[in-house]
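*Asks:* Provide a 3D model corresponding to the input given below.
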Amino acid sequence: MSRHHLTRLFKSFIGTTPYSYYQEIKLEKIKEALGDLALNISEAFNSCGADYSGGFAEAFKKKIGMTPSEYRKTLQADECDNRKQPEQNKLFPMITFHPVCESEEQFFQTAELFPIPIQIFKRNGDIVFINEAVLKMWNVKDTSQIIGKYNLIRDPFANGQPELQDGIRKVFRGETVLIPDVRIPLENFWEWYKTRSSVYDIEAIYTDILNFPVAGADGQMAYMVAAFFTSRIYQGKSEVAKAREYIENNWREEFDIDSIAKAACLSPSHIVRLFKKYTGMTPYSYYQEIKVSRLKEALRDKNLSVSQAFLSCGFEYPGNFARFFKEQVGMTPSQYRKIMD
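*Replies:* Residues are numbered from 1 along each chain as shown. Sure thing, here's the model as predicted:
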């Protein structure tokens, strides 16, 4: 299906384009995160799976009518007593059937046309539909291995993740919920469905999951739809993928080659050799590269001083990392901030 066809189909079914709908939900989550004053603006964006220096900052300004910094200031003015909590879980109207989907069969046929992974659940949590993109992502052979055998509400993985569990509860109450950066439990699927293939080289997938209710002809919630937007994929050599995933999830911590090796199920010396062979750098260099990237993001946050930007990434300023930053970037942190102005 062409992108143009997909957009027209989604708009006729939902009433807006796929990206506009996705962007609307993400912007609402960014607004909620900006209300948490324990987070700086860059961290608020990151908690929603968005880059503060990227397009969502500009989209925020166009949609809300002010920059993220200005929006936060209005919250601070309204919440000067620090007791009022940020608005949570804004309710969105349930999506009703349009003429394009006069029956459940048409509803499922329409969902099958989308190239992104889509799952559809009944009100009791039983899965009733998955499209081919889900089978490919999960490396499951066919729908018969899942349909009638999986219940989202009773899923032990989902119930073991507080944010995921909370989001699922809300969507089954009729809310639209975006759950960012969820690690798909591929290992569980391989164990449950005995499906891992020797040619499937993906070790981990992180995805934003957009969940929304769909009402039936009577106006009551009939289904819950989950759409998956992949944010990170770790693939290639299994041990190296696991090491990369561990480093990126623990970049704020002290570098620990033993923990990285344990995550990859190898000895420290072995993972260092293997990592360099497949990435061209050592695990420590990769770790440093990520920290420099995160520090650049923090330095772009004008609400933070240079010292605060360093502290938000776990560094002291001035210190050794300031010198390392200059070596890697070719300018001091202050100079980098100036060219970003």
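*Asks:* and residue 113, backbone torsions?
*Replies:* Backbone torsions for residue 113, taken as degrees, to the nearest 10, come to phi -70, psi -20.
*Asks:* Begin at 8 from now on, thanks
*Replies:* New numbering, starting at 8: the last item is residue 120.
*Asks:* Look at it and report its pLDDT.
*Replies:* At residue 120, the model reports a pLDDT of 81.
*Asks:* Neighbours of it, how many?
*Replies:* 14 (other CB atoms under 10 Å). C-betas here are computed from N, CA, C, even on glycine.
*Asks:* Same check on residue 193?
*Replies:* Using other CB under 10 Å, residue 193 is surrounded by 18 other residues.
*Asks:* Then residue 226?
*Replies:* Residues lying near residue 226 (other CB under 10 Å) number 9.
*Asks:* before we move on, what about residue 347?
*Replies:* 12.
*Asks:* Residue 306 is in contact with that one, correct?
*Replies:* Yes - in terms of CB atoms under 8 Å, residue 347 counts as a neighbour of residue 306; the distance is 6.9 Å.
*Asks:* any idea which helix or strand comes after the helix or strand of the chain with the lowest mean pLDDT?
*Replies:* When each helix and strand of the chain is scored by mean pLDDT, DSSP states H and E, strand 102-103 comes last, with a mean of 46. Once the chain leaves strand 102-103, the next helix or strand it forms, by DSSP states H and E, is helix 111-119.
*Asks:* which of the residues in that following helix are buried?
*Replies:* Neighbour-count burial for helix 111-119 flags 114-115, 117-118 (criterion: 16 or more other CB atoms under 10 Å).
*Asks:* now those residues in a markdown table, with distance to residue 298?
*Replies:* Formatted as a markdown table, those follow (distance: CB to CB, whole Å):
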| residue | distance to residue 298 |
| --- | --- |
| 114 | 47 |
| 115 | 46 |
| 117 | 45 |
| 118 | 41 |
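*Asks:* which one of those is nearest residue 192?
*Replies:* When the buried residues of helix 111-119 are ranked by distance to residue 192 (CB to CB), residue 118 comes first, at 22.5 Å.
*Asks:* That closest one: what's it in contact with?
*Replies:* Neighbour list for residue 118: 125, 127, 136, 138, 232 [criterion: CB atoms under 8 Å, 6 or more residues apart in numbering].
*Asks:* if I pick residue 296, what's in contact with it?
*Replies:* Taking CB under 8 Å, 6+ apart, we find residue 296 in contact with 288, 335.
*Asks:* Let me see the domain layout of the chain.
*Replies:* 10-85, 102-242, 245-347 (automatic domain parsing).
*Asks:* low-confidence ranges in the stretch 208-348 of the chain?
*Replies:* For the stretch 208-348 of the chain, applying pLDDT under 70 flags the ranges 208, 348.
*Asks:* where do the strands sit along it?
*Replies:* According to DSSP state E, counting those that start in this stretch, the stretch 208-348 of the chain carries its strands in the segments 209-222, 228-242.
*Asks:* Residue 237 contacts residue 216, correct?
*Replies:* No - in this structure, residue 237 is not within contact of residue 216 by CB under 8 Å, at 10.3 Å.
*Asks:* okay, the two: which has more neighbours?
*Replies:* Neighbour totals were compared for residue 237 and residue 216, and residue 216 leads with 21 against 13 (other CB under 10 Å).
*Asks:* which SS state does the residue nearest the centre of the chain fall under?
*Replies:* Against the mean C-alpha coordinate of the chain, by CA atoms, centre = their mean, the closest residue is residue 188 at 2.5 Å. Classification of residue 188 by DSSP: H, G, I helix; E, B strand; the rest coil places it in strand.
*Asks:* And for residue 219, the neighbour number?
*Replies:* 22.
*Asks:* Also the one 5 residues further on?
*Replies:* Counted with other CB under 10 Å, the burial measure for residue 224 works out to 10 neighbours.
*Asks:* how close does the residue nearest to residue 235 when sequence neighbours are not counted get to residue 136?
*Replies:* Among residues not flanking residue 235 along the chain, residue 124 sits closest, at 4.0 Å (CB to CB, 6 or more residues apart in numbering). From residue 124 across to residue 136, the span is 12 Å (CB to CB, to the nearest Å).
*Asks:* again, but for residue 250
*Replies:* Distance, residue 250 to residue 136, by CB to CB: 36 Å.
*Asks:* Ok, residue 238 next?
*Replies:* Residue 238 sits 24 Å away from residue 136, taking CB to CB as the criterion.
*Asks:* Sticking with the closest residue to residue 308 other than its chain neighbours, tell me its helix or strand.
*Replies:* Spatial nearest neighbour of residue 308, excluding adjacent residues (CB to CB, 6+ apart): residue 49 at 4.3 Å. Assigned by DSSP H and E, residue 49 belongs to helix 48-54.
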